[in-house]
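*Asks:* what's the 3D shape of this:
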Amino acid sequence: MRIRIVLCYAYTHRLGVGMLPAAAVIRTARTRARLSQSAMARRAGVAQSTVSRVESGELDPTWATMQSLLQAAGW
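*Replies:* Prediction:
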């Protein structure tokens, strides 16, 4: 199942905010972890362009991709 507009509260609760688009959650997690897009991509096992496309809202990530990216940021 693809995440379209809103990510579930379980992930956004950790950010101390309400519901956010997946793009904002990933960008915030990455920047709080002080990672570049390339570093996050390496840790998550995805291409840097995938991180970029998710953060820009161009790509709706799968749950598996979201979990990989968030784990790469130390979640």
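*Asks:* ranges for the helices of the protein?
*Replies:* Under the criterion DSSP state H, the chain contains helices at 9-15, 22-32, 37-44, 48-56, 63-72.
*Asks:* which of these is buried the deepest?
*Replies:* Mean neighbours per residue, mean count of other C-beta atoms under 10 Å, is largest over those for helix 22-32, with a mean of 20. Using the backbone N, CA and C atoms, a C-beta is placed for each residue, glycine as well.
*Asks:* returning to that earlier point: could I get the helices of the chain as CSV with mean pLDDT?
*Replies:* Converted to CSV, the helices of the chain look like this (pLDDT from 0 to 100):
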stretch, mean pLDDT
helix 9-15, 51
helix 22-32, 93
helix 37-44, 98
helix 48-56, 96
helix 63-72, 93
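*Asks:* quick check: residue 59 touching residue 53?
*Replies:* Yes. Counting by C-beta atoms under 8 Å, residue 59 does reach residue 53; the two are 3.7 Å apart.
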